[in-house]
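Student: Just to be clear, the model below is a prediction. Sequence and coordinates:
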Amino acid sequence: MNAGKTYGIDISFEELKLPLSNDVLVLAKNAVQGKHGLGKSLDLLAPGVFQAVDTGAEAEHIEAVFINRKLLTKIPAERLIQVLQRHVFRHVGEGELIQVDVKVRISMYNINE
């Protein structure tokens, strides 16, 4: 060992989170994966977890949206697509695959038993 030299090793780690843990995947046109390829990959990696949802004619640069089915038990797909159109789609560039985390909070007031 050389005098005056020290070595240090820093390690950090966290749980690997594949796109499968995400709530929504937005696939732009001309992406490498393509709608059918990504759909098949998701079905192989996590069968039945994601559902492809139609984005409507207003999102011409978006090829596909895949939504976690657990999220669809809390909010209707149509409402979620409206939110994505208003706040996310305009930020998606050609060829990109964007993962979106969605937090849904449900509040109830004046509940009579």
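Tutor: That came through, no problem.
Student: May I have the predicted confidence score for the closest residue to Ser41 other than its chain neighbours?
Tutor: Distances taken as CB to CB, 6 or more residues apart in numbering put Gln33 closest to Ser41, at 7.1 Å, once the chain neighbours are dropped. Any C-beta I mention is one placed from the backbone N, CA and C, and that applies to glycine too. At Gln33, the pLDDT value in this model is 87.
Student: what does Phe13 give?
Tutor: Value for Phe13, per-residue pLDDT: 54.
Student: Equivalent analysis for Ile111, please.
Tutor: Ile111 is given a pLDDT of 79.
Student: distance of it from Ile75?
Tutor: Using CB to CB, to the nearest Å, Ile111 is found at 20 Å from Ile75.
Student: So if I had to pick from the two, which one is more boxed in?
Tutor: Taking neighbours as other CB atoms under 10 Å, Ile111 and Ile75 compare with Ile75 leading, 14 against 5.
Student: what secondary structure does the more buried one sit in?
Tutor: Using DSSP: H, G, I helix; E, B strand; the rest coil, the structure places Ile75 in coil.
Student: same question, Leu27
Tutor: State at Leu27, reduced to three classes by three-state DSSP: strand.
Student: hey, what's it bridged with?
Tutor: On the basis of DSSP bridges, Leu27 is bridged to Ala64, Leu97.
Student: so what pLDDT did it get?
Tutor: If you check Leu27, the pLDDT there is 93.
Student: and if you look at Leu16?
Tutor: So Leu16 comes in at 52 (pLDDT).
Student: Mind telling me what element the residue lying closest to Arg69 once chain neighbours are set aside is part of?
Tutor: Ranked by CB to CB, 6+ apart and with sequence neighbours excluded, the top spatial neighbour of Arg69 is Gln51, at 5.5 Å. Using DSSP states H and E, Gln51 maps to strand 50-53.
Student: list the buried ones in that strand?
Tutor: Within strand 50-53, the residues that qualify as buried are 50, 52-53, counting by 16 or more other CB atoms under 10 Å.
Student: ok, how many other residues are close to Asp101?
Tutor: So Asp101, with other CB under 10 Å, has 8 neighbours.
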